[in-house]
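Engineer: sequence plus predicted model, see below.
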There are 4 protein chains.
Amino acid sequence: MDNFLTEAGGIMGNSLIENREFNEICYKRQAHYYETDRMDVIHHSNYIRWFEEARIYYLEQIGFGYDKMESLGILSPVLSVSCEYKSSVRFHEEVLIYPKIEFFNGIKMAISYVVKDARTGKVRATGESKHCFVDSKFKPIRMKKDFNEIYTILSNCVAE
Amino acid sequence: MDNFLTEAGGIMGNSLIENREFNEICYKRQAHYYETDRMDVIHHSNYIRWFEEARIYYLEQIGFGYDKMESLGILSPVLSVSCEYKSSVRFHEEVLIYPKIEFFNGIKMAISYVVKDARTGKVRATGESKHCFVDSKFKPIRMKKDFNEIYTILSNCVAE
Amino acid sequence: MDNFLTEAGGIMGNSLIENREFNEICYKRQAHYYETDRMDVIHHSNYIRWFEEARIYYLEQIGFGYDKMESLGILSPVLSVSCEYKSSVRFHEEVLIYPKIEFFNGIKMAISYVVKDARTGKVRATGESKHCFVDSKFKPIRMKKDFNEIYTILSNCVAE
Amino acid sequence: MDNFLTEAGGIMGNSLIENREFNEICYKRQAHYYETDRMDVIHHSNYIRWFEEARIYYLEQIGFGYDKMESLGILSPVLSVSCEYKSSVRFHEEVLIYPKIEFFNGIKMAISYVVKDARTGKVRATGESKHCFVDSKFKPIRMKKDFNEIYTILSNCVAE
């Protein structure tokens, strides 16, 4: 499980790994101008997109990147999303997004997200997304049987 | 409460009122090309935006349009959103979105949404958003005391 | 060429045809809340998306809808876009977008757009997009030879 | 003019400065999943947003960041944008965007953009945006007279 921690501090794509606490992967993101709305805050719909960015980044860090998913023929549709808004993010501010796998049983997976202001650490939002795993014909996949390596990775990452 | 039903079938903005059942206001929406993603379906984040469109339309129909809100100095921030995805919407398909006020106590409001395929009636998604009411200085508003007319309108619309 | 004018005033999708002048197809669109930015105007990037909505609508009206394009195996990639911003569109305002085919030679096509305020007629923006036609393997298509019916439709629509 | 080069290689926001050639500031960006469309490529409208990200980043690097602009009461509306698409960007690919000030006379400014694939250097797109400078009441600003320091910075950055 610790193998991805060695990359901490490294740069991947347009984001940074930061390990504030043990076992936490963090996705850093700056709020863009075009993401603001007329109340001078980031429009609430964008957090759902930020969760996706953070999720893809997280899965990549633990060894289940998109390239791998696709080469294995695995799709992971979104079953549900939710977000609670605690305080506003403004233009140009940086947030740190902490995804965690809360549940995984080989068939479904739930990931939680905490969005914090990068400077103050103040919580901006929390949220969750739920996913299943299907093949290219949208048939459900049983990860334990069909992709045991991935099953083990995801199982080991479930937050305690 | 029936006053807004008289407008049923009329055209407002880029949408249509349709009253399939008594007491239901419905927002019609076509899925745009730029809302699709590489899985050839509407990206899940757009449903949160569609909810907003439907909410603004709904509130307008019941007599609490944005013009009125703003002239009264009322803001209605989003406290939370959620969406469950049941089946995919594809490019160019039309959906009907049915918002309902599920809860309103003068301080907070919860609105639910059902997204249906316009042709088949099949449910595409369900969701909810929660809101509070604040003035321009972000101070909580007590609708019953300060805006009794609006309070009555919203109270009367709470789904049974 | 006159055949599509008979539908004028009808409703298609979430838009309206309006024929202010002879030979003009017009796409009506209301500006959404989530399209605003912190300057309290519609963010300039959204106009490019509105052009796409108007273009798809226009082509549908003249008999070259997306269903038809796809059933014929024709793709029409965007080669370039441009937009000049004349005055701001604000939340909830309605605009009328007038697309016109400025150039078509069977291989390439240029469409211009005029965006007007629906209430005042004031020009908000003008723009252009350029397109080619390819098959599913991204091989260029010669419309005159391979799809003569479509070639004739598009040729007849070129603005004088 | 060389002062901003000293920061080269530093990290600012979710982007990296890279100086491939002398005098070039480069904004690095990964293509997000939600930016794709049903053709499995980045939707063309997103490039206009990427230009904005790159422009804000560029201006920040040369000493005219948003904080400074706002504290001076300067707004810089977009007068026009254009983009030519040369080859597709796909999900998860990284691009390098090279903004350059092509024109600046104290009243108007034109910035060009080149978008290259980060791995191969292949040009994905080129574009341009034009801007003016106004105060909070949308009155034109004469930079040379009113903000000579900024005038000098921008003048020195005009590409030869």
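Structural biologist: Cool, the structure landed.
Engineer: A helix includes residue A:34, no?
Structural biologist: Yes - counting by DSSP: H, G, I helix; E, B strand; the rest coil, residue A:34 falls inside a helix.
Engineer: can you get me a residue count around it?
Structural biologist: Neighbour count of residue A:34, defined by other Cβ atoms under 10 Å in any protein chain shown: 21. Backbone N, C-alpha and C define where each C-beta goes, glycine included.
Engineer: please give me every residue in contact with it.
Structural biologist: C:37, C:43, C:45, D:49, D:52 (Cβ atoms under 8 Å, 6 or more residues apart in numbering or on different chains).
Engineer: go on, residue A:133?
Structural biologist: The contact partners of residue A:133, taken as Cβ under 8 Å, 6+ apart, are A:74-76, A:107, A:109, A:140-141, A:143.
Engineer: list buried residues within these.
Structural biologist: Buried members of the contacts of residue A:133, scored by 16 or more other Cβ atoms under 10 Å in any protein chain shown, are A:74-76, A:109, A:141, A:143.
Engineer: restricted to helices, list those.
Structural biologist: If you go by DSSP state H, the buried ones among the contacts of residue A:133 have residue A:143 in helices.
Engineer: before we move on, the earlier item: which one of the contacts of residue A:133 sits closest to chain C?
Structural biologist: Ranked by distance to chain C (Cβ to the nearest Cβ), the contacts of residue A:133 are led by residue A:75 at 21.8 Å.
Engineer: need the per-residue pLDDT for that closest one.
Structural biologist: Model confidence at residue A:75, expressed as pLDDT, equals 94.
Engineer: correct me if wrong: it contacts residue A:134.
Structural biologist: Yes - Residue A:75 lies in contact with residue A:134 (Cβ atoms under 8 Å); the separation is 5.1 Å.
Engineer: tell me where chain A has strands.
Structural biologist: Secondary structure of chain A (DSSP state E): strands at A:11-12, A:15-16, A:27-30, A:78-85, A:94-104, A:108-117, A:123-132.
Engineer: most tightly surrounded among these?
Structural biologist: Ranked by mean neighbour count, the strands of chain A are led by strand A:27-30 with a mean of 23 (mean count of other Cβ atoms under 10 Å in any protein chain shown).
Engineer: give the contact list for the nearest residue to residue A:132 once chain neighbours are set aside.
Structural biologist: Nearest residue to residue A:132, sequence neighbours excluded (Cβ to Cβ, 6 or more residues apart in numbering or on different chains): residue A:108, at 5.4 Å. With contacts defined as Cβ under 8 Å, 6+ apart, the neighbours of residue A:108 are A:79, A:130-132.
Engineer: so what's the closest residue to chain B within chain A up against?
Structural biologist: Minimum separation of chain A from chain B (Cβ to the nearest Cβ) falls at residue A:82, amounting to 3.8 Å. Residue A:82 makes contact with A:127-129, B:80-83, according to Cβ under 8 Å, 6+ apart.
Engineer: same thing but at 6 Å, please
Structural biologist: For residue A:82, the contacting residues are A:127-128, B:82, by Cβ atoms under 6 Å, 6 or more residues apart in numbering or on different chains.
Engineer: residue A:73 too?
Structural biologist: By Cβ under 6 Å, 6+ apart, residue A:73 lies in contact with A:135-136.
Engineer: next one, pLDDT for the residue in chain A sticking out farthest from the centre please.
Structural biologist: Computed with Cα atoms, centre = their mean, the residue of chain A farthest from its C-alpha average is residue A:38, at 27.7 Å. As predicted, residue A:38 sits at a pLDDT of 96.
Engineer: give the bridge partners for the nearest residue to it once chain neighbours are set aside, please.
Structural biologist: The shortest distance from residue A:38 to any non-neighbouring residue, by Cβ to Cβ, 6+ apart, is to residue C:36 (3.9 Å). Taking DSSP bridges, one obtains residue C:42 as the residues bridged to residue C:36.
Engineer: I figured residue C:36 hits residue A:40, correct?
Structural biologist: No - the pair residue C:36 / residue A:40 is not scored as a contact, 10.1 Å apart, by Cβ atoms under 6 Å.
Engineer: neighbour count winner among those two?
Structural biologist: residue C:36 (22 against 13).
Engineer: that one and residue B:145, how far apart?
Structural biologist: Distance, residue C:36 to residue B:145, by Cβ to Cβ, to the nearest Å: 31 Å.
Engineer: check residue A:79 too.
Structural biologist: Distance, residue A:79 to residue B:145, using Cβ to Cβ: 42 Å.
Engineer: quick one: pLDDT of residue A:24?
Structural biologist: 83.
Engineer: just residue A:142 next, same as before
Structural biologist: For residue A:142, pLDDT reads 93.
Engineer: skipping its backbone neighbours, what lies nearest it in space?
Structural biologist: Spatial nearest neighbour of residue A:142, excluding adjacent residues (Cβ to Cβ, 6+ apart): residue A:106 at 6.0 Å.
Engineer: same thing with residue A:89?
Structural biologist: Setting aside the residues directly before and after it, residue A:89 is nearest to residue A:42 in space (Cβ to Cβ, 6+ apart), at 4.4 Å.
Engineer: so that neighbour sits right up against residue A:35, yeah?
Structural biologist: Yes - counting by Cβ under 6 Å, residue A:42 touches residue A:35, with 5.0 Å between them.
Engineer: please say which of these two ends up with more neighbours.
Structural biologist: More crowded of residue A:42 and residue A:35, by other Cβ under 10 Å: residue A:42, with 25 against 22.
Engineer: identify the farthest-apart pair in the contacts of residue A:108.
Structural biologist: Farthest apart among the contacts of residue A:108 by Cβ to Cβ are A:130 and A:132. That separation is 7.9 Å.
Engineer: hey, what's in contact with both of those two?
Structural biologist: Counting by Cβ under 6 Å, 6+ apart, the residues touching both residue A:130 and residue A:132 are residue A:79.
Engineer: wait, isn't residue A:27 in contact with residue A:57?
Structural biologist: Yes - Residue A:27 is in contact with residue A:57 according to Cβ under 6 Å; the separation is 4.6 Å.
Engineer: hmm, back to that, max pairwise distance over the contacts of residue A:34: which two?
Structural biologist: C:37 and D:49 (11.0 Å).
Engineer: how many neighbouring residues does the residue nearest to residue A:65 when sequence neighbours are not counted have?
Structural biologist: Of all residues not flanking residue A:65 in the chain, residue A:59 sits nearest, at 6.4 Å (Cβ to Cβ, 6+ apart). As a burial measure, residue A:59 scores 24 neighbours (other Cβ under 10 Å).
Engineer: who's in contact with the biggest helix by length in chain A?
Structural biologist: Of all the segments assigned as helix in chain A under DSSP H, the longest by residue count is helix A:45-61. Contact partners of helix A:45-61, identified using Cβ under 6 Å, 6+ apart, comprise A:4, A:15, A:25, A:27, A:29, A:35, A:81, A:83, A:97, A:99, A:111, A:113, A:125, A:127, A:129, B:45, B:48-49, C:34, D:32-34.
Engineer: distance from the chain centre to that helix, please.
Structural biologist: Counting by Cα atoms, centre = their mean, to the nearest Å, helix A:45-61 is centred 4 Å from the centre of its parent chain.
Engineer: how big is the angle separating that helix from strand A:123-132?
Structural biologist: Helix A:45-61 and strand A:123-132 are oriented at 60 degrees to each other (axes from the mean of the first three to the mean of the last three Cα atoms, to 10 degrees).
Engineer: this completes my enquiry, with thanks.
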